[in-house]
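**Q** Have a look at this prediction, sequence included:
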Amino acid sequence: MDNTPLIKGENIQKIYGRGRSALTVLKGISLEIGSGEILAIIGPSGAGKSTLLNIIGCLDSLNGGSLEILGRDVSGFSVEDLSGFRNRHIGFIFQQHNLLPEFSAIENIMIPLLIRREKKKYAREKAMSLLEKFNLTDRAAHMPSELSVGECQRVAVARAIIGDPQIILADEPTGSLDRANSMNLVEVLFKLCRENRTTIIIVTHDLQIASLTERTISLLDGKIVS
């Protein structure tokens with residue numbers, strides 16, 4: 001593994017609200033995550049796991065400290081710059097698949113490449129190759145409403161990785177799946193990430209899934225405890 005941190009956070013703080021109603025969610029988080037590392041963030045509800053993931057994913061801002069991703073200080077980026085940076089370098093997987101209901105499975109997967117203005121033919125071919133990896137070739141033209149929950153989540157994973165991001169952020173990606181589907185999804189995802197040396201950070205309450213990662217960070221009350 002490359003020893004140069006892909007992600008480096010120093011004393012990250014996040015506060016919601018002001019004055020007496022202010023709530024400090026992250027209380028000085030410092031961490032380094034390497035290229036190609038598969039990492040789990042665990043902890044009880046309210047510990048700050050999703051908030052930290054959103055900050056690393058440039059979906060939320062920090063109130064104190066610093067965050068470098070790919071050697072760049074992202075805290076000073078404009079909204080437009082952040083959007084472009086996310087599209088190029090970060091893929092997201094959520095507990096709810098968040099597929100667009102008006103588009104088919106293959107069209108949903110193609111979206112990140114079309115946003116980059118890649119050619120439609122190239123995007124479709126790459127999306128189809130991912131559908132094959134996830135054994136969903138026969139579901140390519142189906143709408144999300146015609147897919148099972150497990151199939152929708154596999155489509156969401158394919159959408160997250162189609163742009164070859166250096167970082168995959170997964171927030172409880174198996175929370176709505178049964179055990180068999182959960183383990184299958186994680187095994188395929190981790191295999192693809194290892195093949196491409198993609199860094200993956202997964203927030204999970206599932207200790208069995210966390211045990212499959214290379215390192216685990218435990219959060220409690222906005223701080224890293226182990």
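**A** Yep, it's here.
**Q** which sections of this protein are below the confidence cut-off?
**A** For the chain, the stretches with pLDDT under 70 are 1-3.
**Q** So L39 sits against V203, correct?
**A** No. When contacts are counted by CB atoms under 8 Å, L39 is not listed as touching V203 (10.0 Å). The way it works is simple: take the backbone N, C-alpha and C, and place the C-beta from them, glycine included.
**Q** The residue of the chain positioned farthest from its centre: what secondary structure?
**A** No residue in the chain sits farther from the centre than R20, which is 33.1 Å out by CA atoms, centre = their mean. At R20 the chain is in helix, as set by DSSP: H, G, I helix; E, B strand; the rest coil.
**Q** which of L39 and V203 has more neighbours?
**A** Ranked by neighbour count (other CB atoms under 10 Å), L39 and V203 place V203 first, with 26 against 19.
**Q** what pairs with the more buried one across the strands?
**A** Beta-bridge pairing for V203 (DSSP bridges): I41, D171.
**Q** From what I see, it and K49 are in contact.
**A** Yes. Counting by CB under 8 Å, K49 is a contact partner of V203 at 4.6 Å.
**Q** Centroid-nearest residue for the protein?
**A** L169 (1.6 Å).
**Q** Please list all residues in contact with it.
**A** Residues in contact with L169, defined by CB atoms under 8 Å, 6 or more residues apart in numbering, are L53, I56, G57, I90, G91, F92, I93, I200, I201.
**Q** What is the helix or strand where the last one lies packed up against?
**A** The one in question is I201. In this assignment (DSSP states H and E), I201 forms part of strand 199-203. Judged by 3 or more CB pairs under 8 Å, 6 or more residues apart in numbering; DSSP states H and E, strand 199-203 is in contact with strand 23-34, strand 38-42, helix 49-56, strand 167-171, helix 179-196.
**Q** what's the closest of these to I224?
**A** Counting by CB to CB, I224 lies closest to strand 23-34 out of the helices and strands packed on strand 199-203; the figure is 6.1 Å.
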